[in-house]
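Asks: predicted model follows, preceded by the sequence.
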Amino acid sequence: MLPEVQLNDIYGYIYVSFWQTFWGKFLIGSIFFAVITFFIFACFYIIRRRRACCTPEQVALAVLEGLEVRVCVSRGEFKSLYFDLTRVVKLYLQERFEIRTYDKTDCEIVVALGAAKHFKRVIDIVQVVLQGAQGVRFANEVALKKQVVRDIKRVNSLVALGIVYVERENSKKKK
């Protein structure tokens with residue numbers, strides 16, 4: 001009887017492809033790592049570039065334009081409008097003046113602004129707008145319409161004051 005012959009016994013190992021060697025695996029792994037790293041850095045670069053194109057003032061003014069267009073009929077719509085208005089104020093304060101607002105009450109935000117020694121006028125505007133938002137549930141609709149228009153104008157002036165604040169800070173840094 002003939003012994004069992006395997007394919008390796010007849011032909012043997014003549015050639016091992018490069019990708020099966022240690023250096024082939026190392027090269028493939030290095031290329032894979034480089035491609036993944038490139039995509040991660042490209043994503044961070046794109047995100048940072050998108051953020052840099054819009055200043056907090058531009059973002060706040062764009063949202064405020066949308067709020068001015070809204071027409072409110074019921075008290076619930078006024079509450080929703082004031083919620084959006086206070087959210088714009090808080091996000092603007094967080095971005096421009098670097099004050100953490102997402103975990104603070106309205107009173108704590110005013111105190112934090114005072115502790116940071118910002119403009120007195122900025123503190124006054126923020127205080128009036130945030131107090132107006134708290135008074136929405138007690139006012140009638142005619143008074144609310146007038147108050148909403150006034151508060152939106154106040155927030156616009158707050159953003160304008162922020163622009164002045166940034167210009168002053170930049171001029172101080174240049175000196």
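Replies: Yes, it's here.
Asks: three-state assignment of Gln131?
Replies: Following DSSP: H, G, I helix; E, B strand; the rest coil, the label given to Gln131 is helix.
Asks: and the closest residue to it other than its chain neighbours, how many neighbours?
Replies: In this structure, Gln131 finds its nearest non-sequential neighbour in Asp106, 7.6 Å apart by C-beta to C-beta, 6 or more residues apart in numbering. For glycine as for every other residue, the C-beta is placed from the backbone atoms N, C-alpha and C. The local packing of Asp106 (other C-beta atoms under 10 Å) involves 18 other residues.
Asks: for Arg100, same thing?
Replies: When counting by other C-beta under 10 Å, one arrives at 12 neighbours for Arg100.
Asks: separation between it and Gln147?
Replies: 28 Å (C-beta to C-beta, to the nearest Å).
Asks: in this structure Arg96 contacts Leu161, no?
Replies: No. Contact criterion C-beta atoms under 8 Å: Arg96 and Leu161 do not qualify, at 9.7 Å.
Asks: who's more crowded, these two?
Replies: Arg96 (21 against 16).
Asks: gap between that one and Phe41?
Replies: 28 Å.
Asks: then Gly135?
Replies: As for Gly135, its distance to Phe41 is 49 Å (criterion: C-beta to C-beta).
Asks: before we move on, what about Lys79?
Replies: 44 Å.
Asks: and those two? Which one has more around it.
Replies: Higher neighbour count among Lys79 and Phe41: Lys79, with 15 against 10, using other C-beta under 10 Å.
Asks: look at the more buried one and tell me its secondary structure.
Replies: With three-state DSSP as the basis, Lys79 sits in helix.
Asks: now the one 3 residues further on
Replies: When classified by three-state DSSP, Tyr82 comes out as helix.
Asks: leaving out chain neighbours, which residue sits closest to it?
Replies: Nearest one to Tyr82, counting by C-beta to C-beta, 6+ apart, is Ala133 at 4.4 Å.
Asks: neighbours around the one you found, how many?
Replies: Neighbours around Ala133, by other C-beta under 10 Å: 21.
Asks: and the gap between it and Val148?
Replies: Distance from Ala133 to Val148, by C-beta to C-beta: 10 Å.
Asks: what residues does stretch 91-102 touch?
Replies: Stretch 91-102 is contacted from outside by 56-57, 59-60, 90, 109, 112-113, 116, 118, 122, 126, 155, 158-159, 162, 165-166, using C-beta atoms under 8 Å, 6 or more residues apart in numbering.
Asks: can you list the buried residues in the helix or strand hosting Gly66?
Replies: Counting by DSSP states H and E, the element that carries Gly66 is helix 56-69. For helix 56-69, the buried set under the neighbour-count rule, 16 or more other C-beta atoms under 10 Å, comprises Pro56, Glu57, Val59, Ala60, Leu61, Val63, Leu64, Leu67.
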